[in-house]
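Student: Sequence plus predicted model, see below.
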Amino acid sequence: MKICFLTTSFPRNESDTYVPFVGRLAKNLAAKNIGVDVVTSSDSGSRDEVWGSGLRVHRFSYFFPGMQLLTYKPGGAPEQIKKKLLAKLQLPFFILAFILKSLKTAKSCDVIHAHWTLSGLVGLILKKLYRKPLIVTIREGDINSVVNNPLLVFVLKKADRVIINNDEYKNRIISAGVNPLKISKILNGVDAVFKPSPKIKARKELGLPGKKKLILFAGSLISRKNPEILVDCARELLEKYGAVLVMIGEGPMKAELENKMREHKDRLIFPGRVPSDRMPLWFNATDIFVLPTSADGIPNVVTEAMSCGTAVVCTDLESVHELIKDGENALLFRLNDKPRLTENLELLLRNSKLRERLAKNARKTIIRRKLTWENCARQHIEIYKQLV
């Protein structure tokens, strides 16, 4: 069986932090003797390549070298289109280049699998052209732009299968008119390297303080992730508890965050972008992982932190209820509820037994739900077989 992956972006190497989950799914499908040809955009220096047996990556350029704005930027295409006129102007060139690069690959495949609904628009054209079954996976941060856009809702209605990872997404696209019988729920896997390891060893390898409490954020430094909320709450507690705030990621809000922390700059660490294979070290080195996002499905960084046995504090999104029970395996707070976030942080900073209990239960949750990429790939293969 041969699958054509259409995705706006794809890891530029095997340790890249951009959409590593799409790469891991592709690799695990290939490991099960499924041929996967990925069509995706290029970045500076990236090119067509073979990722081992059964997995090939085909990349396209859509604008002048060094001026492509839609992909491999913090927040991806939705964030860039919202803020930059040139990104909007590049969109038709992007779609045209995407279609042209996909023609040969889609023609020879058994199933077209589009990741993110913008890729699904390209997939729908190819479906009509070659009469191939089309799957569209709605990924993190995608749902709001989808349900408010009639064209993207049309894409979902015409797809043969829509894959989501939580019931909130399912309910919202059903309300938009998508047939519930063609919706499948598959949770992303968690790579086996995300497992507990000694905190002292991880801190030593990363060059972090051995005894200070560490609060960790990981994600794009963009408005949707709300890193400034964490900074506003944490800076009140850093001195009091001798803690350090670590903010992994890149984005346009970095200068604003540094300015907010200028009086506490000795308690702020910005590692920048961290390769995905180094993230287990950071999760194991930290005491508390925090994600104050305003729009996500089930964020991969949350499941990875849970798998490492790290205490998690996260926004109380409907989607995360798929995995998280407040007070049992993580702590939740309502969006923009700074007093509650501050309360949760302080509670965990002073209560090591609570941290340990949440961390242990978080790890058990990942194991109990069998969130592995092998299991994720197996569920996708069943859908491919049904469609073929």
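Tutor: Perfect, thanks for sending it.

Student: C-alpha from now on. contacts and neighbour counts both.
Tutor: OK.

Student: so where is the stretch 101-250 of the chain shaky, pLDDT-wise?
Tutor: Applying pLDDT under 70 to the stretch 101-250 of the chain flags residues 140-142.

Student: So which bits of the helix ranked longest in the chain are buried?
Tutor: Secondary structure of the chain per DSSP state H: the longest helix is helix 85-107. Of all the residues in helix 85-107, those buried under the rule 16 or more other CA atoms under 10 Å are 87-88, 90-91, 94-95, 97-99, 101-102, 105-107.

Student: Point out the other elements, helices or strands, that it touches.
Tutor: strand 2-7, strand 35-41, strand 55-60, helix 76-83, helix 117-130 (3 or more CA pairs under 8 Å, 6 or more residues apart in numbering; DSSP states H and E).

Student: CA atoms of that helix as CSV?
Tutor: Below are the C-alpha coordinates for helix 85-107, written out as CSV (Å, rounded to 0.1, in the frame of the first residue of the first chain):
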residue,chain,number,x,y,z
LEU,A,85,0.6,41.1,4.0
LEU,A,86,3.4,39.4,2.0
ALA,A,87,2.3,36.1,3.6
LYS,A,88,-1.2,36.6,2.3
LEU,A,89,0.1,37.4,-1.2
GLN,A,90,2.2,34.2,-1.2
LEU,A,91,-0.8,31.9,-0.4
PRO,A,92,-2.0,31.4,-4.1
PHE,A,93,1.6,30.7,-5.1
PHE,A,94,1.9,28.2,-2.3
ILE,A,95,-1.2,26.3,-3.3
LEU,A,96,-0.3,26.2,-7.0
ALA,A,97,3.2,24.9,-6.2
PHE,A,98,1.8,22.4,-3.8
ILE,A,99,-0.6,21.0,-6.4
LEU,A,100,2.1,20.8,-9.1
LYS,A,101,4.5,19.0,-6.8
SER,A,102,1.8,16.6,-5.7
LEU,A,103,0.6,15.5,-9.2
LYS,A,104,2.9,12.6,-9.8
THR,A,105,3.0,11.3,-6.3
ALA,A,106,-0.8,11.4,-5.8
LYS,A,107,-1.4,9.7,-9.1
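
Student: Centre of the chain to that helix, how far?
Tutor: Helix 85-107 has its C-alpha centroid displaced from the chain centroid by 23 Å (CA atoms, centre = their mean, to the nearest Å).

Student: List the neighbouring strands of the helix or strand just after that helix plus their orientation.
Tutor: The element immediately downstream of helix 85-107 (helix or strand, assigned by DSSP states H and E) is strand 111-115. Sheet pairing of strand 111-115 (DSSP bridges) gives strand 2-7 (parallel), strand 134-137 (parallel).

Student: of all the helices and strands packed on helix 85-107, which lies closest to residue 267?
Tutor: Residue 267 lies closest to helix 76-83 among those, at 29.3 Å (CA to CA).

Student: Which of the residues in the closest one are classified as buried?
Tutor: Under 16+ other CA under 10 Å, the buried positions of helix 76-83 are 76-81.

Student: For those, give me CSV that also has pLDDT and distance to residue 302.
Tutor: Converted to CSV, the buried residues of helix 76-83 look like this (pLDDT from 0 to 100; distance: CA to CA, whole Å):
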residue, pLDDT, distance to residue 302
76, 80, 19
77, 83, 23
78, 79, 22
79, 80, 21
80, 86, 24
81, 86, 27
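
Student: Let me know the closest of those residues to residue 323.
Tutor: For those, the nearest to residue 323 is residue 76 (25.5 Å; CA to CA).

Student: Test my guess that that closest one contacts residue 83.
Tutor: No - in this structure, residue 76 is not within contact of residue 83 by CA atoms under 8 Å, at 11.3 Å.

Student: What is the neighbour count of residue 351?
Tutor: Residues near residue 351, counting by other CA atoms under 10 Å, number 11.

Student: hang on, I meant residue 67
Tutor: Neighbours of residue 67 using other CA under 10 Å come to 13.

Student: got TSV for the helices and strands packed on helix 85-107, with distance to residue 162 too?
Tutor: Supplementary listing: the helices and strands packed on helix 85-107 in TSV, determined by distance: least, CA to CA, whole Å:
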stretch	distance to residue 162
strand 2-7	14
strand 35-41	19
strand 55-60	23
helix 76-83	20
helix 117-130	10
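
Student: Thanks again, I'm all set now.
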